[in-house]
Each structure stands twice: as C-alpha cells, then as structure tokens.
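Participant: Sequence first, predicted model second:
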Amino acid sequence: MIEVKSVSKPMSPFESFEGEEAAPRSVTTGAGGTATGEPSRSVQFLAGKGKSGPIRPPFETVIDVDERVRILDTDLYPWRMICALRMQGPTGAGAIGTGWFIGPKTVLTAGHCVFSNYFFGGWASRIEVIPGLNGNGPNGRPYNSVISNRFSSLDLWTEKEDPDFDIGCIHLDQDKGNEVGWFALGALPPEELVSYLVNISGYPADRGAGAEQYHHRNRVLRVSERRLFYDVDTYGGQSGAPVWIYESEGAPPLAVGIHAYGIGGTPEHYGITANSAPRIIPEVLDRLRGWVEQDGGWSSA
C-alpha cells in the first residue's frame, strides 16, 4: 500500500480563505441535488453504460476521428455537476480546465489545474468554478459561478509531479453541490474496470473555447496499478474532467478516475493509442473523503 498525503495551498494573512493488499472495492454515494429532476435525453442517447465486450484491434481508429458531442442540456443531471474552470496564476496568466462536484463544497479536478510549476510557478491564485456552463450567452450560466482560492492536492503531485497522482481539489465556501448534486466515487479493482465503457465530459479549448461542454464515451483499453487508459476523444481544457461509468442500465454515474493526459502520457511499450486518467485507488479515495470532510462533509449546509 502506498502512502498518499494531502497538501493544501498555504494561505497568506490576507486570504480569507505495492505492499499490503487494499480493500478490493470501495465506493461513496452520489447525489442528484435539489435542482430539477427532469431526465436528460443526452444521458439516454449518448452515455456509455456497462461493459463493451472484447477489445479487438485496431485500437486507434476511433481516437483519430473526433466523436465528441456537445451537451446542450447542461442544466440537467449529471452534466450540471461538471464545471468549467477559469484558473489564474500569481502573474495574472490564465488557463481553462474542468472540474466536478464530489460533495456540497468540494470540486475535484486534475492536480495541474491547482498546482503547476509550468502554468503557475506553483499554486494557482484563484479559480472560478462554473457548473453546467452552456456557452457565453445571457443564459449560459444556469447555476452562476463560485470563486475560490483554497486548493489541495497530493504530495506525490506537488513534490514530484507524478502523473499517477495528478489530482487536485477546489474548496468552496458555498454549498453549490447541494443544488447541482455530486458524483459517487468508486475505487474498483483493475479486473473489474477492464472493458467498461467510460464517459468523459468537459470543456475543451478547441470547441467552444472552453465555454461548451463536450462528451464522448468509449471503452477502457488498459488498466494499470494506478492509471486508466481509454479510447476517448479529449482536448486541452478537459483536464480534470470526470471519468465515470454506469455499472448497468439505470445505475447512477460512478466516477473512477480524473482525466489528465492525452496520448503523450501513454507509455509506448503498451502498444496502444490512448488518453489516460489517474485511477481512484483506495488510498486516493481516503484523501478525497478527507477533502469532503474538511469542507463540512456530505451533509454540509
């Protein structure tokens, strides 16, 4: 079992703000929020559910053709739990990303969206979180936005920028998650994840300039000890997006990873063309639970 520690962004006085075998399966419970319970047609027709059956070559044909589809009903569950991020560093330089609610006041994202020596020279200064953003028009922000300067990540990311632990957290002062809902989290064993259809939805820079949510679903190609590799189309700006499955028809979405890398992050010796995500392994799930508890827990009001 590897030790994973939480690291929080230091606050200035002016800021208000392979060892022992782990449990084979651990999950948290998600929530739909108090907003409308109207069913989403996008989920019905676009979301991948269950397992895809045997994987047959060629693996790379789908990833070479952009099959992302824009989500238009972002005010509905589960799309409203996914947020466009507007990050800003100490120098004022900006970047875009994606995050998603895992509790009333807790948004999960990629570690490099909150801490990056390349983008920010360390910690981000502030991040605007925009749930269910749907374009730049007057009705594009169905749930407004929240700004935060309180972030956490994992020590293996902030100290070594280990891609297996590229995971970050945005702590909010408002319980926006009670309105929009939050994802259930699952630490599933590798053999259980193989061949699942995974869903990824986020805010890419190349389509909609980070203001429109795009979704694609496809199969898991490979599962390593700490990463998921999949044949799903993504682009810059979708870093931090949820990687989720539906275990069966009618089951709630279960997040199993945090999208962080394009094909350049896949080891060549795997022999596949795939994007990838750090997996939610039991040790990571413990830290995610701790971040939610730090923000008041799942019953936060």
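Facilitator: Yes, it's here.
Participant: out of everything not next to it in sequence, what's closest to residue 134?
Facilitator: In space, residue 134 comes closest to residue 74 once its chain neighbours are excluded; the distance is 4.4 Å by C-beta to C-beta, 6 or more residues apart in numbering. (Glycine included, C-beta is placed from N, CA and C.)
Participant: wait, what's in contact with the one you found?
Facilitator: Residue 74 sits next to 80, 82, 132-134, 142, 213 when contact means C-beta atoms under 8 Å, 6 or more residues apart in numbering.
Participant: Looks to me like it is in a helix.
Facilitator: No. Going by DSSP: H, G, I helix; E, B strand; the rest coil, the assignment for residue 74 is coil, not a helix.
Participant: tell me the phi and psi of it?
Facilitator: With angles defined as degrees, to the nearest 10, residue 74 sits at phi -70, psi -10.
Participant: Then residue 94?
Facilitator: Dihedral angles (degrees, to the nearest 10) for residue 94: phi -110, psi 160.
Participant: List the contacts of the residue lying closest to it once chain neighbours are set aside.
Facilitator: Excluding its sequence neighbours, the residue lying closest to residue 94 (C-beta to C-beta, 6+ apart) is residue 88, at 5.3 Å. Shown in contact with residue 88 (C-beta under 8 Å, 6+ apart): 94-95, 124-127.
Participant: can you list the weak-confidence ranges in the protein?
Facilitator: Filtered on pLDDT under 70, the chain yields the residue ranges 11-24, 45, 51-65, 300-301.
Participant: Longest helix in it, please.
Facilitator: Assignment by DSSP state H gives helix 282-294 as the longest helix of the chain.
Participant: With just CA atoms, put that helix into PDB.
Facilitator: Extracted in PDB, the C-alpha atoms of helix 282-294 (Å, rounded to 0.1, in the frame of the first residue of the first chain):
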ATOM      1  CA  PRO A 282      -8.300   3.100  -2.200                       C
ATOM      2  CA  GLU A 283      -5.500   5.300  -0.900                       C
ATOM      3  CA  VAL A 284      -6.700   8.200  -3.100                       C
ATOM      4  CA  LEU A 285     -10.300   7.700  -2.100                       C
ATOM      5  CA  ASP A 286      -9.300   8.100   1.500                       C
ATOM      6  CA  ARG A 287      -7.800  11.500   0.700                       C
ATOM      7  CA  LEU A 288     -10.900  12.500  -1.300                       C
ATOM      8  CA  ARG A 289     -13.100  11.600   1.600                       C
ATOM      9  CA  GLY A 290     -10.800  13.700   3.800                       C
ATOM     10  CA  TRP A 291     -11.200  16.700   1.500                       C
ATOM     11  CA  VAL A 292     -15.000  16.500   1.600                       C
ATOM     12  CA  GLU A 293     -14.900  16.200   5.400                       C
ATOM     13  CA  GLN A 294     -12.600  19.200   5.500                       C
END
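Participant: What residues sit buried inside that helix?
Facilitator: Residues 282-285, 287-289, 291-292, 294 are the ones in helix 282-294 that count as buried (16 or more other C-beta atoms under 10 Å).
Participant: Which of these sits closest to residue 70?
Facilitator: When the buried residues of helix 282-294 are compared for distance to residue 70 (C-beta to C-beta), residue 288 wins out at 28.9 Å.
Participant: what's near enough to touch the closest one?
Facilitator: 28, 102, 108, 169, 185, 280.
Participant: Could you measure from it over to residue 41?
Facilitator: 30 Å (C-beta to C-beta, to the nearest Å).
Participant: now residue 284
Facilitator: In terms of C-beta to C-beta, residue 284 sits 33 Å off from residue 41.
Participant: Check the gap between residue 68 and residue 203 for me.
Facilitator: 11 Å.
Participant: anything in contact with each of those two?
Facilitator: By C-beta under 8 Å, 6+ apart, the residues touching both residue 68 and residue 203 are residue 214.
Participant: Surely residue 253 and residue 244 touch.
Facilitator: Yes. The pair residue 253 / residue 244 is scored as a contact, 4.6 Å apart, by C-beta atoms under 8 Å.
Participant: Paired strands for the helix or strand harbouring residue 244, with orientation please.
Facilitator: Secondary structure from DSSP states H and E places residue 244 in strand 242-245. Paired neighbours of strand 242-245 in the sheet (DSSP bridges): strand 197-202 (antiparallel), strand 254-258 (antiparallel).
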